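1. Okay, here's the prediction I keep looking at, along with the sequence it came from:
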Amino acid sequence: MTQIRASSNGHGLDLVPTRPLVEESIDIRFPLAPGDRVIIEEGAPVSIGAPLAERYRDTILAQASLPEGQVGRPGERWTPPEPATRRGPGRPTVRGQGRPTGGELLFPWRHGWRIASGEHAEALDAPVNGIVRELIPGVHIVVRAEGRALRGIVAIGGATRGRLQLAAGPSGELRPGGLDVGLAGAILVVGARVDAETLTRARAMGVRGIVVAGLPSKERRDYLASEARQRAALHRLPPFAVLVLDGAVRRSIAGPIVALLEALEGREVAIVADPPALLFDEPDLDLSAPPPDLVRVRSGRDAGREGRWIASLGQRRFEDGVLLEAAQVRFAEGPAVVPIGDLERFSLRSARAE
Amino acid sequence: MTRDPRAFFALDIGAATASAALVARLAGRWRLLGTLALPAAVGGSTACRTLLDRLGAADPGMAAAIGADPDAIERIPTVTVRSGRPRQLAVVAGSERALAPLARIAVGAGWSVRQGSAATLDPLAMSRLLLDPGVDAVLAGAGDPPGADERGAMRELATLVAAVAERRPNLTIVLAGALTDELARFGDVAARPGEVLLGAAATASADGHGLGELLSELALPPDDSRRAAIVGIQTLAELTARRVEYVEIGFDAGVRAIADPTLGRDEPVVRSAVVTAAALVPPEPDDAVLDRVLGWSTLPLDRHRLRDRLRELRINPWAGAAGEGAALRLAAARAALGRLLESTEQMHAGAPADLVVAGGGAWAVAPGPVVTLALADVLRRPGATQYAYDHARLLGPLGSIADPDERRSVMADLADDLLVPLGSVVTPAGLRSGRSAGRLVLHADAGDTELDLVPGGLALVDLAPGQTAVADFRFRDSVRLGAKGRQFEVEVAGGLGGLLVDLRDVPLKLPERHDRRREQLSAWQASMWAGLDR
């Protein structure tokens, strides 16, 4: 039905989806669970390192009574009344049966309240400057972050912060042997892929985060298992996160993103999980727009290749006779016909789908 | 809206694909002039503009006749439907027995469902479930009257849900069955931004229809493409006076609808389900999803690589569609169709459809005969059925035309363009193994074709789109082909895949060993796939 003719709209370049390179002032979300203690207030400004909340690893369900005349609301904190002073030696307490440590009111039940009470608090600190836009105890804290963000497709781990360092080339790979203690406190850009062993060792050495183009499912699974074991231990390591920029298979980091990361090298950045992004607040950083005709192969056999757009060609038959919208692209090796669906281009401005 | 203008755009904007079609009135009837599908991020207006450009370049006379000049993009009206991210529903009940029918109804109503009962979750875990920010609505239900196993937990459950509703005022709450008696716990519901709605018990009707309708209304907005496609199928059943089944495998959900012609009845007869678990690739493909895709895969991939490829397909649904990518999509689509059928078992009853219409981007990359085979692999209905594909994604936009007469009139005009005929599939069941099960003589305009019927195999007979023929089957032993017998005369229609006589087992039996299974599937697929390079 469609005709094999070049489109007149900039040789059809507008048929290629645009990936915004950076976004301004994004909302980042920190999930909370019932029982977690919120420290900040809605509308309050937060600065880097400021405590937002205390999260509890072991939350238990308990029953509590409010002092007479006090009306509780779900989500409010409950603090146990001070016990009357007594003489003599204290009685030994058993875990879970000692004096209640306080908690969060869940719902009224019988003559008291069901509460969520926790042990082993972990501080949740702000990784960026911003303003608390929404706060619902037991649900989440939403912070409007200052600065700009480079989006990834997934981030594993909690919010973290460190100075950015390029540890491998855009199509390279960081192996465990490439890590040393001098990298402690850094967020490393490690190239095309990374394995679970490198991630685990990086975390143990005090590296704060990893930025990588592709994280294979097996490595992701193995790392998450290691992470779960780590969480079960009482000894905590500093926060650590892995930001995956593209997908699950090996591919080079896109040229325009490499240029951005190179410009950020040595500066403080943060990784957050929701949305998965690398955040930086560098108003002086002047980002140059990528060439408008630069296109990149997103996926498939040629994933990561970059070239210059020539023109759209309409429908063409590809491998196994599959009929797809096609374009001619000039790569370093020469021009080639590529399915348009494989391509992406970059823009400094946010592009919105309808 | 289509009465005055000479042309209109039909736009279906999904999570992965923006599909545009240009429909124009020519020689007194509506015709499809062009169609274009692009990644959703590109947007529908780019697709429409490109269609106009291409029409102008290919046939300036026709473009002028319908007023499709370069400025027409602002003037030509657009019928748009959209499908967004599925909303998440937390389903809770007092007991596992009460939970099961509630969850089943919610699953078919287009919700992404998370569930738990007071029997398996303590109040803390249930609070955690309902307070999860990903949850958009809560369905708390009980039988009416409540069963003995749920009575003890109902009060605490209602109190817990009311407390969550107070903490999350925007959350939509649905109380069903006997839990509606607990409405007073939710205070002044009119002052609350999120609705508190009352529904019938899941077991109030045999198919939970009342509650299902309410949940569908909440899950899918009025311009939802899947909801509109169901109306489109209903209209198609009326127009063709045939039983039509629609199976769509989309990026975020699968749709199944079975529509019967009204034949003078007041109420249209359509049963439908929108199932998020039947998306082409769920956001986090678990082992069960992986096993199913692996079971249909013709690619030599181990589990880890297959999982990577599925994740990539989810992240970049348009990328890598040629070659192995097409085979991967077909395996994922078969697996998703299997999940869709499992989730809609209650719709299996009744005679098989006369016409099966496939929809969704999952089928777009493969040749017609291969799509027919993929559908026949999973649907496995003894009988004779015609297959077609909604290639231009018109069923949604046309189904959204509010005036039923106008909708019927446009769809009747577009009958020849609306669907691509894939062909007819005849599937006899109960064949005995042996060298020959009988003979087929196909009486077509071009002459007769005779064929030996070999059990366990596939026989493909050329029958071009638009042609009809009479297939005369003579089996050695009695088989099931609609009815039971040895001799059948079946009227069949042609298509891209012609007539496919599927003599394989019903249900399909495949080798247990993965390599042999893959070989078998590859051989069947290769026999239908013209232009296969491997």
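-> In hand now; what should we look at?

2. Write out the residues of the stretch 101-250 of chain B neighbouring chain A.
-> By CB under 8 Å from any CB of the partner chain, the residues of the stretch 101-250 of chain B that approach chain A are B:122-124, B:127-128, B:131-133, B:156, B:159-160, B:162-164, B:166-168. Placement of C-beta: from N, CA and C, glycine included.

3. Put the buried members of those residues into a PyMOL selection.
-> The buried subset of those, as determined by 16 or more other CB atoms under 10 Å in any protein chain shown, is captured in PyMOL by this line:
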select buried, chain B and resi 123+124+127+128+131+132+133+156+159+160+162+163+164+166+167+168
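
4. Which ones among the residues of the stretch 101-250 of chain B next to chain A lie within helices?
-> Secondary structure assignment (DSSP state H) places B:123-124, B:127-128, B:131, B:156, B:159-160, B:162-164, B:166-167 from these within helices.

5. packing partners for the helix or strand of chain B with the lowest mean pLDDT?
-> Across the helices and strands of chain B, mean pLDDT, DSSP states H and E gives its lowest value to helix B:72-75, namely a mean of 86. If you count contacts as 3 or more CB pairs under 8 Å, 6 or more residues apart in numbering or on different chains; DSSP states H and E, helix B:72-75 packs onto helix B:44-58.

6. So is the helix it packs on next to chain A?
-> Yes. When contact is scored as CB under 8 Å from any CB, part of helix B:44-58 falls within range of chain A: B:44, B:45, B:46, B:49, B:50, B:51, B:53, B:54, B:55, B:57, B:58.

7. Now for the residue lying closest to residue A:175 once chain neighbours are set aside: which residues touch it?
-> For residue A:175, ignoring the flanking residues on the chain, the nearest one in space by CB to CB, 6 or more residues apart in numbering or on different chains is residue A:198 at 6.2 Å. The contact partners of residue A:198, by CB atoms under 8 Å, 6 or more residues apart in numbering or on different chains, come to A:174, A:175, A:176, A:178, A:179, A:190.

8. Considering those, which possesses the most neighbours?
-> residue A:190 (27 neighbours; other CB atoms under 10 Å in any protein chain shown).

9. how far away is it from chain B?
-> 18 Å (CB to the nearest CB, to the nearest Å).

10. Might one say that that residue is in contact with residue A:173?
-> Yes. Residue A:190 sits in contact with residue A:173 when judged by CB atoms under 8 Å, with a separation of 7.0 Å.

11. Name the residues of the stretch 101-250 of chain A found near chain B, please.
-> With the criterion set to CB under 8 Å from any CB, the stretch 101-250 of chain A comes near chain B through A:106-109, A:114, A:116, A:136-140, A:153, A:216-218, A:246-249.

12. Restricted to strands, list these.
-> When those are checked against strands using DSSP state E, the ones located there are A:106, A:107, A:108, A:109, A:114, A:116, A:136, A:140, A:246, A:247.

13. what's the helix or strand for the residue nearest to residue A:175?
-> Assigning secondary structure by DSSP states H and E places residue A:198 in helix A:196-204.

14. how far is the following helix or strand past that helix from where the chain is centred?
-> Scanning the chain past helix A:196-204 towards its C-terminal end, the next helix or strand to appear is strand A:209-214 (assignment: DSSP H and E). For strand A:209-214, the distance between its averaged C-alpha position and the chain's averaged C-alpha position is 11 Å (CA atoms, centre = their mean, to the nearest Å).

15. what's the answer for stretch B:483-497, then?
-> On the basis of CA atoms, centre = their mean, stretch B:483-497 sits 25 Å off its chain's mean C-alpha point.

16. Please see if it touches chain A.
-> No. Under the criterion of CB under 8 Å from any CB, chain A is not reached by stretch B:483-497; the shortest gap measures 12.3 Å.

17. got the buried residues for that stretch?
-> Residues B:488, B:490, B:492, B:493, B:494, B:495, B:496, B:497 are the ones in stretch B:483-497 that count as buried (16+ other CB under 10 Å).

18. can you redo the residues you listed as CSV with pLDDT and secondary structure?
-> Output for these, formatted as CSV (pLDDT from 0 to 100; DSSP: H, G, I helix; E, B strand; the rest coil):
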residue, pLDDT, secondary structure
B:488, 94, strand
B:490, 93, strand
B:492, 95, strand
B:493, 94, strand
B:494, 94, coil
B:495, 94, coil
B:496, 92, coil
B:497, 90, coil
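
19. Among those, which one lies nearest to residue A:129?
-> Proximity to residue A:129 was ranked across the buried residues of stretch B:483-497 by CB to CB; first place goes to residue B:496, at 59.5 Å.

20. ok, and the closest non-adjacent residue to the residue in chain B positioned nearest to chain A?
-> Shortest chain B-to-chain A distance, computed as CB to the nearest CB: residue-wise this is residue B:531, at 2.5 Å. Using CB to CB, 6+ apart and skipping residues adjacent in sequence, the residue nearest residue B:531 is residue A:321, 2.5 Å away.

21. Closest one of the ones in helices among the residues of the stretch 101-250 of chain B next to chain A to residue B:18?
-> Once CB to CB is applied, the member of these that ends up nearest residue B:18 is residue B:131, at 35.4 Å.

22. Please tell me I have it right and the closest one contacts residue A:140.
-> No. With contact defined as CB under 8 Å, residue B:131 and residue A:140 do not form a contacting pair (9.1 Å).

23. Okay, now the unreliable bits of the stretch 251-354 of chain A?
-> Of all residues in the stretch 251-354 of chain A, those with pLDDT under 70 make up the ranges A:349-354.

24. Residue of it closest to chain B, please.
-> Proximity to chain B, evaluated over the stretch 251-354 of chain A using CB to the nearest CB, is greatest for residue A:321 at 2.5 Å.

25. Report the contact partners of residue A:158.
-> A:124, A:239, A:240, A:241, A:273.

26. Could you check how far the residue nearest to residue B:88 when sequence neighbours are not counted is from residue B:161?
-> Nearest non-adjacent residue to residue B:88, counting by CB to CB, 6+ apart: residue B:112, 4.7 Å away. As for residue B:112, its distance to residue B:161 is 19 Å (criterion: CB to CB, to the nearest Å).

27. Which one's more surrounded, those two?
-> Comparing residue B:112 with residue B:161 by neighbour count (other CB under 10 Å), the higher total belongs to residue B:161, at 27 against 23.

28. Would you mind listing the residues in contact with the more buried one?
-> Residue B:161 neighbours (CB under 8 Å, 6+ apart): B:92, B:130, B:138, B:140, B:173, B:175.

29. now do 7 Å
-> Residues touching residue B:161, when contacts are defined by CB atoms under 7 Å, 6 or more residues apart in numbering or on different chains, comprise B:92, B:130, B:138, B:140, B:173.

30. cool, residue A:58 as well?
-> Applying CB under 7 Å, 6+ apart, we find residue A:58 in contact with A:118, A:119, A:120.

31. list the contacts for the residue most central in space within chain B?
-> To find the centre residue of chain B, average its C-alpha atoms and take the closest one (CA atoms, centre = their mean): that gives residue B:248, at 2.2 Å. Residue B:248 makes contacts with B:226, B:229, B:254, B:255, B:359, B:360, as judged by CB under 7 Å, 6+ apart.

32. In what element of secondary structure is the closest residue to residue B:294 other than its chain neighbours found?
-> Nearest residue to residue B:294, sequence neighbours excluded (CB to CB, 6+ apart): residue B:306, at 6.0 Å. In this structure, residue B:306 is located in helix B:303-315 according to DSSP H and E.
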